[in-house]
Structure formats: C-alpha cells, structure tokens
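Student: Model the following, please.
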Amino acid sequence: ARARAGGAAPRPLASLHASGRALRVAKDPSAWRSCPHSLDPLRNGIAGYSLGSYIAVQTAAAEKTIKCVVVAAGGDLPSTPWTSMVRMVTDPLSSAKKLKGQPLLMLHGINDRTIRRDQAQALYDAALEPRTLNWYESGHILAPAAAEDAAAWQIKQLAFRYSREGHGPRGTATGQPAGE
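Tutor: Prediction:
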C-alpha cells in the first residue's frame, strides 16, 4: 500500500488509528468524570452514528455501567482486504455478543450504501436480547423520525432500568413520579 500525498497513512490504517483513539477516550473513566455535569451511574446510555456506532457498541460491551445502546446507521465491518486485520483490533460482532442485558436499539436506512443492510442485520443478529432493529426509508442520513425514536426509546429504557434498581423515574424511592 502506498502512502497518500504528504505522507499520510493509507485510509484504512488512518481510520483504524482514529477509531482506536476514539475508543480509548470513550472507555476512559477520567474523561467521563471530567464532564461538567455529574453523571448518574444508573442512567448512563450511549448512542453512536455510523463510525460512532462501532465505538458505542464496544464501549457498552466493556462498561457495564452503560444501561442501553443506540446504534444509528451502523453494523458489522464491511468486507474488504483489511477486514481481518481490523477485526483483530475491533470487532463489532464480538462486542454485540457481550451486551448481556443491555438493551440495543438499531436504526438503519433501507437504502444505506455506506453501511449496507446485511452489515446492520449481522450486528443485530450477533446481539443478545433485548434488541430492536428499526428500518427507515432513507440512506445513510437517517430521517428526523429516527432521532426522535432513539430519544424516546433511550428515555424509556433508562427510566425503566432506574426504577428496577429501586429508584423512581424522578429519584423517588417508590418508583412513582414525585407528587403522585
């Protein structure tokens, strides 16, 4: 493989390096603790879009404090000459299999030519229950309804998991909203 003009690494290697760096940051608890807002350990969810979906799945598989995962326009790795090498470093299918009890919502465009339908289906098939795959009449850029669906689903998942662990949706001990 030849380097690009200016000495840059070939695209697959540069992408692998960038995604590895992003994954290290996502898994770094000190980065999470340095957030300006305090994080509630019972209501941590993660979402990723396209390449970010790979990072979201891997982070959730490694961090059991993450209670639910949204994958938008993501799936398994594409089949390329680089796939087996990339899979040694990062494997979305292996990560999806490790989401034990962490609900997964996948949102995908039926006409997506960046992350194909078979890649999305492969990731979905690898994941354990509970899991949901919603298809949209779109390409790689999902319709606004997908973002609305993801937000509503994540709110529902985090409220449910919070109440199951002995806390109400607004921090009450009974599981009832405050004032009811």
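Student: For this structure, give the helix that spans the most residues.
Tutor: Taking DSSP state H as the criterion, the chain has its longest helix at helix 144-164.
Student: Let's test this: mean pLDDT of that helix, rounded?
Tutor: In this model, helix 144-164 has an average pLDDT of 87.
Student: what's in contact with it?
Tutor: 40, 42-43, 45, 47, 67-68, 70, 72, 103, 105, 107, 132, 134, 136, 138, 168-169, 175 (C-beta atoms under 8 Å, 6 or more residues apart in numbering). Yep, even glycine has a C-beta here, placed from its N, CA and C like the rest.
Student: Low-confidence regions, this structure specifically.
Tutor: By pLDDT under 70, the low-scoring segments of the chain are 1-39, 41, 161-180.
Student: again, only using 80
Tutor: Scanning the chain with the threshold set as pLDDT under 80 gives 1-43, 160-180.
Student: any idea how far residue 142 lies from residue 57?
Tutor: 17 Å (C-beta to C-beta, to the nearest Å).
Student: One more: residue 128?
Tutor: Look at residue 128 and residue 57: by C-beta to C-beta, they are 12 Å apart.
Student: And residue 107, by the same measure?
Tutor: From residue 107 over to residue 57 the distance is 13 Å, taken as C-beta to C-beta.
Student: Repeat that for residue 96.
Tutor: As judged by C-beta to C-beta, residue 96 and residue 57 stand 6 Å apart.
Student: about what we covered before: so which of residue 142 and residue 57 has more stuff around it?
Tutor: Neighbours were counted for residue 142 and for residue 57 using other C-beta atoms under 10 Å; residue 57 has more, 31 against 22.
Student: Secondary structure element for that one, which one?
Tutor: In this structure, residue 57 sits in helix 51-62 according to DSSP states H and E.
Student: Tell me the strands beside the next helix or strand after that helix, with direction?
Tutor: Where DSSP H and E defines the elements, the next helix or strand beyond helix 51-62 is strand 66-72. Take DSSP bridges as the rule and strand 66-72 pairs in its sheet with strand 44-49 (parallel), strand 104-109 (parallel).
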